Structure formats: structure tokens, C-alpha cells
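# Let me see the structure of the following:
(one chain, ligands or ions: 1)
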Amino acid sequence: MTLTSISQLVQLIDASVKSLQKICIDNELDFPSMDAPSFSNESEAFRTTPGIIESTKIAASACLQLAAILLPPSHTLYQLVTGDYLSAAVRVCLEANVSELLKEAGPAGLHASKISEKCGIEQFKLAQIMRYLALNHCYREVKPNVFVNNGVSAMMDTGKAHKDIIADPQGKYDLAGFPAFCSHHLDINHKMSAFLWDALQDPEIGHSRELTKTVFARGLNTTETYWGFYAQPENQFRHRRFGFAMQGIAAMQPSEMIFKAFDWDGLAPNSVVVDVGGGIGTASLSLAKRYTDMIIVIQELPKVVEEGKRFWKSKFPEALDSGRVRFEDHDFFNPQPVLNASVFLIKQVLHNWPDDYIIKILCQLREAAKTDTVLVIIDNVVPYVCRMPKDDSSSNVAPEPLLPNYGPLSNAAYTLKMTMMCHFNAKEHTVLEFKDLFEQTGWRLQGSHSLDQRSGFWQAIQAISV
Ligand SMILES: C[S@@+](CC[C@H](N)C(=O)[O-])C[C@H]1O[C@@H](n2cnc3c(N)ncnc32)[C@H](O)[C@@H]1O
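Below you'll find the predicted structure:
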């Protein structure tokens, strides 16, 4: 039985690699080398070639599953147990600007003693930390104690010169989205996850659904909510870094996502779309530009409304001036003021709230819905890790005997789920869980589909009023 699984996985790998080879030959492409000392958008662009994403996902997840079958269970558990050392090692190199130093050193790389001179970390400790990472495909040790960047370690490079970072450490992560996200996670989320067990045992926090009694509050030793914490003066740098980290994550979202979320072409002229908790209106901006007769209301908290107006004045002032697009101060826990909406769009909002709060938000929207108003939710929807009946369309995307959602390749989506739980006592939802929330709030699930073939991470879920 196990041997059958092993040979099925090997067949999947073989077929996917053959398909990758064919796509590369047909398109005169080469597979990017992991040893390239810098990250290149150009070489990564090959991943957008049709067929590449699917084949790489199948081959890579089959390899991971094969390793888990072939190696003793103690090995797999040990990897899980000791993952914290790996991420702590990444944090040392990230914060000590090692990738920037290696970029400046060029292809010959740098001896650990030289890196140590520049970053101040004791050389033998630093070499040991970098060797640990090199063993795990982050940096390369090209001669004893001499390291160079590879494609993975280059992702930590902020793009700034080492001397500029030293001159302005507070600005290190400005405009450097992915390194900012890494630094944020390794600081905030690690302090928090170290206390996950303790928080779950805590009689006040363990079963709480409140925004101040969270794993985050326990780990960061605060009585504030997540957002209140960032508003404190001593957390100014963390707040600044958080802003750039979120921009970095947003930039990684497929730009066409909003168009795929709903049949916008099917709306009658002058239909009203309400972007609830719409932030500065990034998604609405794409809609307003493509659909010139769509009326858009972006609802937000007052501070964000101000920022949003500034953003639109620089990007698309005529839409605001004509009144076709407007911002509205609105707290989504209060009665919804727009009563003629064709669509309530609610993107990346619900995952920040515990279910009781989501129910209040959905009820307010339902109260204001016409009989044909469509609720369009864009969020990260993570399926169970077992095969599901066909009505949960987000499941079963990977061929058997792979785990239904490509196993650890989908870690990012499930990590976000852990993060929302720890920050806000919130949860990500499966489509069936959304269906359940709709049933409690007067909505009926109409359908759902994936918006992002690469990660399978983003889903659009539509509902209509009952
Ligand atoms: C993760 S952001 C998503 C923003 C936007 N929808 C997007 O996808 O870019 C969540 C948004 O919810 C807004 N928000 C939080 N509480 C709110 C409330 N009570 N009423 C309205 N908006 C709120 C926040 O200001 C924030 O902009």
C-alpha cells in the first residue's frame, strides 16, 4: 500500500518535470537557478507561463510528501520541533544586514570574520548561524567560512546600501515590503507564538473571543488591542515597518484579482457598489478605472477616509470630483446607510474579526440589502486537510495521493489563519464555515471560486439575501 503511494508520487514528479521541460523548451526558457546571488523579477517572470505553476506545485508537493513517507517519523517531528531555530537564525541575518553586505561583496562572497567586523555579531557564532541556514538552502558556503547570497537569502536584501541602513536604521524597511514583512513576523509573531501554549492554558485568554485577551497580548505583555499596541509611541518603528510589510503583501496579490471576483460586466449602468472597510480604496480604484459608469462608495473609519481621499486625489481625482466615487465615514458595526447597493464588496476585512463580530457586520449589510443585492467577500479561505464533498469547491485541488491542498506548499494561507487567531481571536474560514455564517445572518451562499492560481489563497465568495 505504502509502496503504491510512493510509486504514484514518483509518477507525479516524473510527469510534472517532463511537462516543465516541455514548457521551457517550447518557450525557450530556463528554470531559474537557486544559486543566483540575487532575486530577479525577470527570471521569476517565467512562472507566469501557462502550465508552470501547476507543474511546479505538483512536483514540489509530491517531493515533500515523498520525503515525509521515506524518512523516519522522528525526523519529520524533529524538523517541526526545531523550526524556531531556523527562523531565529534568519532573524539574526536579516537584522544584521548580512544579505546587503554579501550583495556588496559580490560573487567571491565574504569570510565570516569580515561580515562580523561590519555587523558586530561574534564571528564564530555568526558562521555557525549562517552554516545552519546554508544547510537549509539559504546562503551558500562556497569555502570554509566564506558565504555568498543565493536566491533565497537575497530575498532579505532591502535594496539599500549597508552604510545607508546604518545611517538611518528606522528607515531600513521603508519601501522594502518583503524584508519588512519578514522582520515584522520574526519580531511580533515570534514573541507571540512562543506563548501560544501558555495563552491557551490561561483561564482568561484561552477561551476568549475579545480583542484585548489574545495570544498577542500575552506574548507582547500588553493590555492593548493589536491596533492600540501600534499606536503607542514606543512602537513607532514597528508601526512604520508594519505599513511597509502590508504594502509588500498587497503587491504580491494578483492585480487582476478584483476583476475575477464578480461578473462586474453584468451590472447595469450606474449600479452602486459599496466597498465596505475599503481601506484607501485600492480595489475600487481598479474598478472605477475600468467601469466608467459604476458608482462607488468607499466606507471606512475617519482616519483612513482622509488617507484615501489623498490617495485618490493623486491617482484619479476626476472620479472624486464628479461624485461618481465617494468616501464615507462609516463604522460597519452601525446601520448601513446605502440602501440601493447592487454589490456590497468586503475584501480582506472579515478575517480580522471573531465570528460574533462578523455576524454583526453581515447583519448590518443584510438589513440594507435589496432583494437582488449581491454580497461579494474576498478573503483567504483555507480548506480542511482532508478530501471533501464537491460542494466545498476550495478543496481537493491537488491530485491524489497528494494532500488535497498541496500540503506544506499552502503553509502561507494557514500561517495567516494562525496569525489572525493570535492577533484578534479571529479565524479564517472554509467555504462551508462561511455558508454557516450566512445562514445565521439572512444570506445564502451563491458560489465561490479561487482568484489566485498560484497559491490558491484568495477566494471570492458570493451570497444573496434569503
Ligand atoms: C485589512 S484592511 C482591508 C482594506 C481593504 N478592503 C483592502 O482589501 O485593501 C481592513 C480595513 O478594515 C477597516 N476597519 C476596521 N474596523 C472598521 C470598522 N469598524 N468600520 C469600518 N472599517 C473598519 C480598517 O480601517 C482597514 O482599512
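
# Look up which residues are beta-bridged to residue 458.
Counting by DSSP bridges, residue 458 is bridged to residue 380.

# so who does residue 380 touch?
348, 351, 413, 416-417, 428, 457-459 (CB atoms under 8 Å, 6 or more residues apart in numbering). No exception for glycine: its C-beta is placed from N, CA and C like everyone else's.

# no wait, residue 226
By CB under 8 Å, 6+ apart, the neighbours of residue 226 are 211, 214, 216, 423-424.

# Mind doing that once more with 7 Å?
Residues in contact with residue 226 (CB atoms under 7 Å, 6 or more residues apart in numbering) are 216, 423-424.

# try residue 407
61, 64-65.

# just those residues now: which is nearest residue 87?
Checking these against residue 87 by CB to CB gives residue 64 as the nearest, at 18.3 Å.

# How much space separates the residue lying closest to the closest one once chain neighbours are set aside from the ligand?
Distance criterion CB to CB, 6 or more residues apart in numbering; nearest residue to residue 64, sequence neighbours excluded, is residue 408 at 5.5 Å. Taking CB to the nearest ligand atom, to the nearest Å as the measure, residue 408 falls 25 Å from the ligand.

# same thing with residue 330?
Using CB to the nearest ligand atom, one obtains 6 Å as the distance from residue 330 to the ligand.

# ok, now residue 410?
In terms of CB to the nearest ligand atom, residue 410 sits 21 Å off from the ligand.

# swap in residue 200?
From residue 200 over to the ligand (counting by CB to the nearest ligand atom), the distance is 25 Å.

# helix/strand/coil for that residue?
helix (DSSP: H, G, I helix; E, B strand; the rest coil).

# returning to that earlier point: can I get the contacts of residue 380 in JSON lines with neighbour count, distance to residue 123 and pLDDT?
Compiled in JSON lines, those are given as follows (neighbours: other CB atoms under 10 Å; distance: CB to CB, whole Å; pLDDT from 0 to 100):
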{"residue": "348", "neighbour count": "18", "distance to residue 123": "44", "pLDDT": "87"}
{"residue": "351", "neighbour count": "19", "distance to residue 123": "44", "pLDDT": "90"}
{"residue": "413", "neighbour count": "19", "distance to residue 123": "39", "pLDDT": "83"}
{"residue": "416", "neighbour count": "16", "distance to residue 123": "37", "pLDDT": "88"}
{"residue": "417", "neighbour count": "18", "distance to residue 123": "40", "pLDDT": "87"}
{"residue": "428", "neighbour count": "19", "distance to residue 123": "43", "pLDDT": "72"}
{"residue": "457", "neighbour count": "20", "distance to residue 123": "40", "pLDDT": "70"}
{"residue": "458", "neighbour count": "23", "distance to residue 123": "44", "pLDDT": "83"}
{"residue": "459", "neighbour count": "25", "distance to residue 123": "48", "pLDDT": "87"}
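
# Residue 130: which of these is nearest?
Among the contacts of residue 380, residue 416 lies closest to residue 130 (CB to CB), at 28.8 Å.

# Excluding sequence neighbours, find me the nearest residue to the closest one.
The nearest residue in space to residue 416 (CB to CB, 6+ apart) is residue 380, at 5.6 Å.

# beta partners of the closest residue to residue 302 other than its chain neighbours?
Distances taken as CB to CB, 6+ apart place residue 329 nearest to residue 302, at 4.9 Å, with adjacent residues excluded. In this entry, residue 329 is beta-bridged to residue 300, by DSSP bridges.

# For stretch 129-144, buried residues please.
Of the residues in stretch 129-144, 129-134, 138-141 count as buried by neighbour count, 16 or more other CB atoms under 10 Å.

# Could you tell me which residues of the stretch 301-450 of the chain lie near the ligand?
With CB under 6 Å from any ligand atom as the criterion, the stretch 301-450 of the chain meets the ligand at residues 301, 304, 331-333, 347-349, 352.

# so where's the stretch 151-300 of the chain uncertain?
Across the stretch 151-300 of the chain, the ranges flagged by pLDDT under 70 are 255.

# Any residues of it in contact with the ligand? List them.
Within the stretch 151-300 of the chain, the positions near the ligand by CB under 6 Å from any ligand atom are 277-279, 282-283, 300.

# If you rank those residues by neighbours, which is first?
Using other CB atoms under 10 Å as the neighbour criterion, residue 278 leads these with 28 neighbours.

# Next up, the contacts around the nearest residue to that one once chain neighbours are set aside.
Spatial nearest neighbour of residue 278, chain neighbours left out: residue 298 (4.0 Å); criterion: CB to CB, 6+ apart. By CB under 7 Å, 6+ apart, the residues touching residue 298 are 275, 278, 281, 284, 308, 327.

# Could you do residue 438 as well?
444-445, 463.

# which stretches of the stretch 1-150 of the chain form helices?
With helices called from DSSP state H, counting those that start in this stretch, the stretch 1-150 of the chain shows them at 2-26, 41-44, 52-70, 73-81, 83-95, 98-105, 112-119, 123-134.

# now swap in the stretch 351-466 of the chain and tell me
355-368, 411-424, 431-441.

# Quick one: closest of the ones you listed to residue 164.
With CB to CB, the closest approach to residue 164 among these belongs to helix 411-424: 30.3 Å.

# who touches that closest one?
Against helix 411-424 from outside (CB under 7 Å, 6+ apart): 189, 192-193, 196, 211, 214-216, 226, 351-354, 380, 382, 426-428, 455, 457.

# For residue 106, give me phi and psi.
Note on residue 106: its backbone torsions stand at phi 80, psi -170 [degrees, to the nearest 10].

# Check the spacing between it and residue 141 real quick.
Counting by CB to CB, to the nearest Å, the gap from residue 106 to residue 141 is 16 Å.

# Now, the contacts of residue 298 that are in helices?
Among the contacts of residue 298, the members falling in helices are 284, 308 (criterion: DSSP state H).

# Show the contacting residues for residue 238.
Neighbour list for residue 238: 188, 230 [criterion: CB under 7 Å, 6+ apart].

# That one and residue 106: what is the separation?
From residue 238 to residue 106 the distance is 33 Å (CB to CB).

# give me the number of residues near the residue of the stretch 101-250 of the chain found nearest the ligand?
Of all residues in the stretch 101-250 of the chain, residue 250 sits closest to the ligand, at 6.6 Å by CB to the nearest ligand atom. A count of neighbours around residue 250, defined by other CB under 10 Å, yields 14.
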